[in-house]
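J.: can't give you the sequence, but here's the structure:
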């Protein structure tokens, strides 16, 4: 296993601080000022931000190794994105009663 350098010389650490710290601060501010019924918005915002960062790291490592993404992996990413968006639409626009735990378990099952 390769060593992980936890310093600002590592581009993943720099990108995490640039990407995630403002999202964490924004999430805390939104949790403070939004009413309780809208607390799903900052949680969703932070979840999407963390997933985008993780996906970028995976794709960047793959690009650096010279591995092209095959058709199967592109299809899996598209299917997971479609499942996440359809669950959000069903939950919040069609008012179906999914609990957050059920919602995240369904999303995790797609991954």
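T.: All right, it came through fine. This one's a predicted model, so the numbers in the text were calculated from it and none came from an experiment. Residues are numbered from 1 along each chain as shown.

J.: any weak-confidence spans in the chain?
T.: 1-4, 67-74, 76, 87, 90-111 (pLDDT under 70).

J.: one more time with 80, if that's ok
T.: Along the chain, segments meeting pLDDT under 80 span 1-9, 59, 62-111.

J.: which elements pack onto the longest helix anywhere in it?
T.: Assignment by DSSP state H gives helix 40-65 as the longest helix of the chain. For helix 40-65, the packing partners by 3 or more C-beta pairs under 8 Å, 6 or more residues apart in numbering; DSSP states H and E come out as helix 11-33, helix 71-92. Where you see a C-beta, it was placed from the backbone N, CA and C, and this is true even at glycine.

J.: what's the local residue count around residue 42?
T.: The criterion is other C-beta atoms under 10 Å. On that basis, residue 42 has 20 neighbouring residues.

J.: could you list the domains of the chain?
T.: 8-66, 69-111 (automatic domain parsing).

J.: give me the three-state assignment for residue 8.
T.: With DSSP: H, G, I helix; E, B strand; the rest coil as the basis, residue 8 sits in coil.

J.: okay, now the nearest residue to it once chain neighbours are set aside: neighbour count?
T.: Excluding the flanking residues, the one nearest residue 8 by C-beta to C-beta, 6 or more residues apart in numbering is residue 14, at 5.4 Å. Residues near residue 14, counting by other C-beta under 10 Å, number 12.
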